[in-house]
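Asks: Please work out how this folds:
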Amino acid sequence: MSRFPILRTGCALSVLCLAVPAFAEDAAPATSAPATDSQYHDQRADIVVTALIPRKQGDILSGTTVVTGEKLTRELRTSIGETLARQPGVSATSFGPNASRPILRGFQGERVRILTDGIGSFDVSNTSVDHAVAINPLTADRIEILRGPAALLYGSSAIGGVVNVIDSRIPRRVPDEPVHIDAIGTYGSASNERTGSGEVEVPLSDKFVVHVDGSYTKTGNLDTGSYILTPALRAQAAASSDPDIQGLSTLHGKLPNSAAETWEIAAGAALITDGGNLGFSVAHTDNLYGVPVRYAVTDGGEAEQVRLHMKQDRVDMRAELPVNGDILESIRFRAGFADYQHQEIEDTGEVGTTFYNQSMESRLELVQAKRGGWDGAVGAQFFTRKFYVVGEEKFLPRNQTDQIGIFTLQSLDLGTTRVEVGGRFEHTDVSADADETLFNPSYSRSFDTVSGSIGASHELVPGWRLGLNLSRTERAPSAEELFARGNHAGTQAFEVGNPDFNKEKSWGIEGTLRGQGTGYSVSLSAYHNWFSGYIYDALVADDACLAVNGGAELEFPCYQYNQADARYMGFEAEATVKVAQVGGYAINVDGVADYVRATIKGTGPAPRIPPLRLLGGLEAQGDRLSLRAEFEHDFAQNRTAETETDTDAFTLVNASISWKPLKDNNRTTLTLSVNNIFDVEARRAASFLKDYAPLAGRDIRLTARLSI
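Replies: So this is what the prediction gives:
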């Protein structure tokens, strides 16, 4: 089936938006106003730009989180998953310290979109939990998490939500100083982490800015402060007659094969005028990291110490055109392309398997002029991916995915009541080449999906709003779910897809209650999703996979993708209260609670679901000095899938102190934190490796951030 119509559409959007800002520059050659220090360095933390039309958090009809400023500096880790793991409704895959992807409301992989400035990460982290995300949180100015129906504006697969990392590689403003510098350096004791990152922006004129940034991180093996294996695995190892296996029962402290070395370099430039702006950036990422060993505790088993070497070259573009007309307020365009590969390096140093991925995505948004209480936006999005695997653990044939989507969000403000309607149509073509080594014929599938939502919020009293959202979503199966036919070492499974899958459909309802006033803020969200044709993998008898494997004996247990009805329900609660004022310090108490319950009809609990979790903090916040103590308690997860083990409860206690040494510079900070003070053993229920790789033990972190 020809893909030329879709490709022509994507190219037409690109040409249109390349031409428009250039025309606007000639038509309206105005000088951009200089940015003040506060305007240039900071964006309001309560404004969510990922919501298509920038809005305050309290005005969005779904769960939202913005991480920026001191909070981002304190939470910053080497992976995006661990950086966000303490936010409401967020957990992490925690496949060791280096490959940790966010989990939103119990959803992971294909159902969570990871974006950089509104465009995909262009990696293969959705394919397997041992694949790292190709976005470095060190470059982030802010990170936004959008959950619920509004996330579908970024793709029908974003049922769980969207994580958008917003950086300044394509500048948005002209600095008023001759040279603007941002830098950050961190030392973390748990993995002997040494991190340095810096960026420089130079205005070459009052309209043109260039940007350069780079970062380097090196870590050793992670110190867990506990036994590496769970008690059940240690007992099995101790009972073995093999002395090497017996030794695993006392393995303690450092997590073997968890070291990493990462570097990145990027450059960008932007033309910024009152008549519009146009910018580009290029970046190269190199990440060499180890995957913690999944030890065999029975005779005859194998345990591999695999390292992954990931490289990505990426080009991005952004254009914005203010129209200020009666119909349109502005036109925004965003596009990106990346060439990605990673090699899986075995104990011997040989390359066992190589993953290749080329992706392109473009996005055009037409923001409507506000007419009375009515505003909104419409847009189109194009995405293409060419993906193939070479080597002994190839589990997918060469495949290609092409998508084009049309979306809209419309809002009507009636004073105390606001109504929002959103919709998305998406056409997806997924194809796979014939592959004799996988005993796989060629396939080609097409899907048309329609998703929509309607919601309303009402102001109960000043500062308090109650909202309700109803959504109907459809998702096309991914290439992995359709065409997988082989050994996948990352999950230790022989995976078998089903090329005859239908669309995954769901109904969802979400209620929100938000309030704020002098010295307090409260946010509550509760949701329930009903799925039909929910796609999941389940352990089946090896006989079911022998034919797919040409009759040869399987190296790993057989997991087959299936479709069934499913339900996800849960809640998130967040509150902050100022309880006292002591001299120049505001004493604040904050808390978070979240919970997910997921069931697959006819099977039981869905796998890898986070348990009930409580987080709390006490903070003394001054103009230049802040002190904070906090805890996280994860309850035991005993509601598990048939192939899972239970996870014990744990409690982490952390403390930090942050100092702003420069009186008139809020962005320059020195932060000292101690995490997991009591060195407890902690394992995340959502991790494939929870029985083999606990979280970090006591970790003393010193972070210096400079902005001038």
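
Asks: From the contact counts, what lies against the lengthiest strand in the chain?
Replies: Within the chain, and with DSSP state E defining each element, the longest strand by residue count is strand 558-582. Contacting strand 558-582 under the criterion 3 or more CB pairs under 8 Å, 6 or more residues apart in numbering; DSSP states H and E are the following elements: strand 493-496, strand 520-540, helix 543-546, strand 585-600. To be clear about C-beta, it is placed using only N, CA and C from the backbone, and glycine gets the same treatment.

Asks: Quick one, which of these gets closest to residue 209.
Replies: Closest to residue 209 of the helices and strands packed on strand 558-582 is strand 520-540 (CB to CB; 35.3 Å).

Asks: What residues sit buried inside stretch 303-313?
Replies: Buried positions in stretch 303-313, judged by neighbour count with 16 or more other CB atoms under 10 Å: 303, 306, 307, 308, 309, 310, 312.

Asks: from the residues you listed, which ones fall inside strands?
Replies: Judged by DSSP E, the subset of the buried residues of stretch 303-313 located in strands is 307, 308, 309, 310, 312.

Asks: nearest to residue 169, of the residues you listed?
Replies: Out of these, the one with the shortest distance to residue 169 is residue 312. That distance is 13.9 Å, counting by CB to CB.

Asks: ranking the helices and strands packed on strand 558-582 by mean pLDDT, which is last?
Replies: Here these differ in mean pLDDT, and the lowest is helix 543-546 at a mean of 78.

Asks: which residues in the protein form helices?
Replies: Read by DSSP state H, the chain holds these helices, from start to end of the chain: 4-27, 37-41, 69-75, 80-84, 231-238, 243-247, 479-483, 543-546.

Asks: Just put the buried residues of stretch 303-313 in a markdown table and tack on distance to residue 460.
Replies: As requested, the buried residues of stretch 303-313 are arranged in a markdown table below (distance: CB to CB, whole Å):
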| residue | distance to residue 460 |
| --- | --- |
| 303 | 58 |
| 306 | 55 |
| 307 | 55 |
| 308 | 51 |
| 309 | 55 |
| 310 | 49 |
| 312 | 48 |
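
Asks: and which of these is nearest residue 243?
Replies: residue 303 (15.1 Å).

Asks: which residues sit in contact with the closest one?
Replies: By CB atoms under 8 Å, 6 or more residues apart in numbering, the contact set of residue 303 is 293, 294, 295, 296.

Asks: Just say which of the helices and strands packed on strand 558-582 is most tucked in.
Replies: The densest packing among the helices and strands packed on strand 558-582, expressed as mean neighbour count by mean count of other CB atoms under 10 Å, is seen in strand 493-496 with a mean of 24.

Asks: partners of it, with directions?
Replies: The strands that strand 493-496 pairs with in its sheet are strand 485-488 (antiparallel), strand 558-582 (parallel) (by DSSP bridges).

Asks: Which among those is found nearest to residue 515?
Replies: Using CB to CB as the criterion, the shortest distance between residue 515 and the strands paired with strand 493-496 is 9.3 Å, found for strand 558-582.

Asks: Where does the prediction get shaky in the stretch 351-500 of the chain?
Replies: For the stretch 351-500 of the chain, no stretch has pLDDT under 70.

Asks: quick one on the thing from earlier: please identify which of the helices and strands packed on strand 558-582 is closest to residue 420.
Replies: Comparing those by their distance to residue 420 (CB to CB), the top pick is strand 520-540, with 15.5 Å.

Asks: Tell me who's in contact with the residue of the chain most remote from its centre.
Replies: Here the chain reaches farthest from its C-alpha mean at residue 241, the gap being 43.8 Å by CA atoms, centre = their mean. Listed by CB under 8 Å, 6+ apart, the contact set of residue 241 reads residue 299.

Asks: pLDDT at it, what is it?
Replies: Reading off the per-residue confidence, residue 241 sits at a pLDDT of 90.

Asks: How about residue 565?
Replies: Residue 565 is assigned a predicted lDDT (pLDDT) of 98.

Asks: for it, what are its contacts?
Replies: For residue 565, the contacting residues are 530, 531, 532, 533, 534, 600, 601, 602, taking CB under 8 Å, 6+ apart as the criterion.

Asks: ok, it to residue 380 distance?
Replies: Applying CB to CB, to the nearest Å, the value for residue 565 to residue 380 is 33 Å.

Asks: can you check residue 609 too?
Replies: Distance from residue 609 to residue 380, counting by CB to CB: 35 Å.

Asks: Looking at the two, which one has more neighbours?
Replies: It is residue 609, of residue 609 and residue 380, that has more neighbours when counted by other CB atoms under 10 Å, with 26 against 17.

Asks: ends of stretch 685-693, how far apart?
Replies: In terms of CA to CA, to the nearest Å, the two terminal residues of stretch 685-693 are separated by 11 Å.

Asks: which outside residues touch that stretch?
Replies: Among residues not part of stretch 685-693, those counted as contacts by CB under 8 Å, 6+ apart are 91-96, 103, 106, 108, 129, 224, 228-230, 232-233, 255, 258, 292-295, 491, 608-611, 634, 637, 640, 645, 647, 683-684.

Asks: now swap in stretch 410-417 and tell me
Replies: Contacts to stretch 410-417, defined as CB under 8 Å, 6+ apart, come from residues 53, 373-376, 418-422, 456-459.

Asks: Off-centre distance for it?
Replies: The offset between the C-alpha centroid of stretch 410-417 and the centroid of the whole chain comes to 31 Å, using CA atoms, centre = their mean, to the nearest Å.

Asks: residue contacts, residue 439?
Replies: Residues counted as contacts of residue 439 (CB under 8 Å, 6+ apart) are 485, 548, 549, 550.

Asks: any weak-confidence spans in the stretch 151-300 of the chain?
Replies: 300.

Asks: what's across from the residue lying closest to residue 68 once chain neighbours are set aside in the sheet?
Replies: In this structure, residue 68 finds its nearest non-sequential neighbour in residue 142, 3.7 Å apart by CB to CB, 6 or more residues apart in numbering. Listed by DSSP bridges, the beta-bridge partners for residue 142 are residue 68, residue 166.

Asks: Next up, the contacts around residue 142.
Replies: 43, 45, 66, 67, 68, 72, 166.

Asks: Now, of the residues you listed, which are buried?
Replies: 43, 66, 67, 68, 72, 166.

Asks: The third one and residue 108: what is the separation?
Replies: When CB to CB is the yardstick, residue 67 and residue 108 sit 19 Å from each other.

Asks: on that earlier part again, let me have the helices and strands packed on strand 558-582 in TSV, adding distance to residue 362 as columns.
Replies: What follows is the helices and strands packed on strand 558-582, written out as TSV (distance: least, CB to CB, whole Å):
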stretch	distance to residue 362
strand 493-496	31
strand 520-540	27
helix 543-546	39
strand 585-600	34
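
Asks: Of those, give the one that comes closest to residue 273.
Replies: By CB to CB (comparing all of the helices and strands packed on strand 558-582), the closest turns out to be strand 520-540, at 37.8 Å.

Asks: Pretty sure residue 557 sits against residue 492.
Replies: Yes: in this structure residue 557 lies within contact range of residue 492 using CB atoms under 8 Å: 7.4 Å.

Asks: Let me know the pLDDT of residue 41.
Replies: In the predicted model, residue 41 carries a pLDDT score of 46.

Asks: and if you look at the one 5 residues further on?
Replies: Residue-level confidence at residue 46 comes out at 77, pLDDT.

Asks: check contacts around it.
Replies: Residue 46 makes contacts with 56, 57, 58, 66, as judged by CB under 8 Å, 6+ apart.

Asks: Which of those ranks first by neighbour count?
Replies: Comparing those on neighbour count, residue 66 comes out first with 24 neighbours (neighbours: other CB under 10 Å).

Asks: now that one: how far from residue 620?
Replies: Here the distance between residue 66 and residue 620 works out to 23 Å (CB to CB).

Asks: same question, residue 490
Replies: Here residue 490 is placed at a distance of 44 Å from residue 620 (CB to CB).

Asks: what about those two, which has more around it?
Replies: Set residue 490 next to residue 620 and count neighbours by other CB under 10 Å: residue 490 wins out with 21 against 18.

Asks: Thank you, goodbye.
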